[in-house]
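Q: Predicted model follows, preceded by the sequence.
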Amino acid sequence: MTRDVDLAIVGSGFGGSLMAMIAHQLGLSVILLERGKHPRMAIGESTTPLSNLLLERLSATYDLPRLAPLAKWGSWQRAYPQIACGLKRGFTFFHHILGQAEPLAPHHADQLLVAASPHGGIADTHWYRAEVDHFLAEEAQRLGVDYRDNARIEALDLTENGATIVGNAGDEAFHIHARLLIDATGAGGFLHRALHLEETGFPCLPATESLYSHFRGVKRTEAAGETPPYAVDDAAVHHVFEGGWVWVLRFNNGVTSAGVAATHAVADKLALHEGAPAWQRLLDLLPGLQAQFKGATACQPFKHLPTMSFRIKTIAGQRWAMLPSAAGFVDPLLSTGFPLTLMGIERLARIIHKHRNSADLAWQLQSYAEQTEADLLAASRLIGGLYANMDNFSAFTAVSLLYFAAVSFSETAHRLGKPELASSFLLHQHPGFGPASRVLLERACKLHGESDTTAFAEEVLKLIEPFNLGGFGNPTRHNWYPVCAEDLLHARSKLGASREEIIAMLDKLGFWA
Ligand SMILES: Cc1cc2nc3c(=O)[nH]c(=O)nc-3n(C[C@H](O)[C@H](O)[C@H](O)COP(=O)(O)OP(=O)(O)OC[C@H]3O[C@@H](n4cnc5c(N)ncnc54)[C@H](O)[C@@H]3O)c2cc1C
């Protein structure tokens, strides 16, 4: 098989397939090469309001209407009930001390519940990647993308005119010349290996490892006492303890994704590399979680990642680029992987559209690489601040509020048609937020004692005040934050929006159940 194409994409996770569909809609001839075969298990499942906004925007901009229903739980259930996913109403955090019984702390001092949607209809989702990625790869083929699975690339030659890729897909040998190459192969991926690209770490982020699987028979958490802003399990549930955290994500097909991310010190103590026995050891130290997993069975082999975060020094070249997910990864905490990947796809789509035949393509790709790196670093500073405070939940909560204030402000600004108010990920380039939040996040890594934590939390509230649309830090909320239209209406001047504009935006969103 010999092909001469505009674009070759290696890797057909959701990122590669989506990029392929968009490039096809822009009129490019596209070949998509996948090492494996769908359906297959993949990790990285939890979406956020920002990732769903990006998906919605990509589907509208590039005329991909069949993807739009995937951006909300309600529309997904109506359009594609056969594709498994989970309902994600928000972010649930529980704080633990390993090995200790867990009495409920007064005023939810050991919890943080942040709703991301007012009801299930417009809620976020967890993607059951085996089925979602399969669907997207089929959609790409349905549009006309040339898709080859079981692909093994044996040789790559990059020149100023593009890439020559030689290998085989199943029994068929291929020889492809592509004017542009995109690496969508995720961590430890194709170009990283083929070009022997150098890796570097993230400052302020401890090295971590991970152990995870999919389970059947995981019980639901019953909330005791007052009614929380949403069912606490219909969320990305984070169980945080010194040096690590556990995620629990429920799908609607009886499967639950769960795993642990931990510093090497904690991972060594638990001997995470041993897989199932290590998971059991961890549950033994977390009585509440142990009760939830009693009788549950792993339905996938446990997977141990000895190193989770990575950052590649060179993200793009003259005629090639990596998706952000191939260029680096910080941690599953706060689900930044999807939005980073989707922002990268959006940027590359613009470059392909406007510059693919222009002399400044290489310069544009370089600028893409710089933005990607800056976004990854912004995520790493935030997550580093969280890791530094997993034993100090008040500080952990304060750092989290930097995230929630930034992302809810950004989402609302974009939904109001005012993207200029929030043009960078986590507002890291916003003059009124970025530099000051950076200083606070550096400080978060070296807090000493209760009074320092209290002073830090006050500084955080002061910084987020002009961006705070969700009543974050309001002491009467006791760490439970529902999504309230009143909060938004009250804070509308922060967005320079009128009451009518806010109500029209909420109507369009389907805010009222
Ligand atoms: C433990 C863990 C949990 C995570 N949780 C979340 C989360 O909750 N939310 C979130 O937003 N992000 C999360 N992430 C990040 C998320 O996984 C990634 O952002 C996302 O998977 C990127 O999708 P992708 O399609 O770009 O790459 P991938 O999903 O990695 O897909 C890459 C594809 O390329 C193929 N491939 C690999 N090598 C080759 C090759 N040489 N040739 C051809 N094909 C190849 C693979 O088979 C695969 O199909 C998590 C990551 C980890 C490690």
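A: Noted; the coordinates are in hand.
Q: So which residues on this structure come close to the ligand?
A: Taking CB under 6 Å from any ligand atom, the part of the chain that reaches the ligand is made up of 10-16, 33-36, 42-46, 151, 153, 184-186, 189-190, 210, 212, 259, 308, 323, 325, 329, 332, 335, 337-338, 341. C-beta here means a position set from N, CA and C on the backbone, and glycine is covered the same way.
Q: residue contacts, His273?
A: For His273, the set of contacting residues under the criterion of CB atoms under 8 Å, 6 or more residues apart in numbering consists of Ala267, His304, Pro306.
Q: among the residues of the chain next to the ligand, which are in strands?
A: Val10, Leu33, Ala151, Ile153, Ser210, Tyr212, Gly259, Phe329 (DSSP state E).
Q: what's the closest of the residues you listed to Ala444?
A: Taking CB to CB as the measure, Ala444 lies nearest Phe329 of those, at 21.1 Å.
Q: what's the burial count for that closest one?
A: By the criterion of other CB atoms under 10 Å, Phe329 has 24 neighbours.
Q: close enough to count as contact, it and Thr307?
A: No: here Phe329 does not reach Thr307: they are 10.0 Å apart, not a contact under CB atoms under 8 Å.
Q: now the closest residue to the ligand within the stretch 151-300 of the chain, nearest residue through space, not along the chain?
A: Taking CB to the nearest ligand atom as the measure, the point where the stretch 151-300 of the chain comes nearest the ligand is Gly186, at 2.2 Å. On the basis of CB to CB, 6 or more residues apart in numbering, the spatially nearest residue to Gly186 that is not a chain neighbour turns out to be Ser325, at 5.2 Å.
Q: from what I can see the one you found touches Gly16, true?
A: No: with contact defined as CB under 8 Å, Ser325 and Gly16 do not form a contacting pair (9.5 Å).
Q: Show me whatever sits in contact with both of the two.
A: When contacts are counted by CB under 8 Å, 6+ apart, Ser325 and Gly16 have Ala184 as shared neighbours.
Q: what about these two, which has more around it?
A: Residue environment comparison for Ser325 versus Gly16 gives the larger neighbour count to Gly16, 31 against 26, counting by other CB under 10 Å.
Q: Quick one: residues contacting the residue nearest to the more buried one when sequence neighbours are not counted.
A: Once flanking residues are discounted, Gly16 sits nearest to Ala184: 3.2 Å by CB to CB, 6+ apart. With contacts defined as CB under 8 Å, 6+ apart, Ala184 is in contact with Ile9, Val10, Gly11, Ser12, Gly13, Gly15, Gly16, Met19, Leu323, Ser325, Ala326.
Q: Then Ala485?
A: Under the criterion of CB under 8 Å, 6+ apart, the contact list for Ala485 reads Pro118, Ile502, Leu506, Phe511.
Q: just checking, which of these belong to strands?
A: Per DSSP E, those never map to strands.
Q: Other residues contacting the helix or strand harbouring Val237?
A: Val237 is part of strand 236-241, with elements assigned from DSSP states H and E. Outside strand 236-241, the residues within contact range by CB under 8 Å, 6+ apart are 46, 88, 90-98, 126, 221, 245-249, 286, 288-289, 333, 335, 390-391, 393, 396.
Q: Sheet-wise, list the partners of that strand with their directions.
A: When pairing is defined by DSSP bridges, strand 236-241 lines up against strand 90-95 (parallel), strand 244-250 (antiparallel).
Q: How about residues contacting the last one?
A: Here strand 244-250 makes contact (CB under 8 Å, 6+ apart) with 45-46, 86-88, 126, 208, 212, 218, 220, 233-234, 236-239, 256-263, 266-267, 282, 286, 289, 292, 332-333, 390.
Q: Can you get me a residue count around Leu489?
A: The local packing of Leu489 (other CB under 10 Å) involves 14 other residues.
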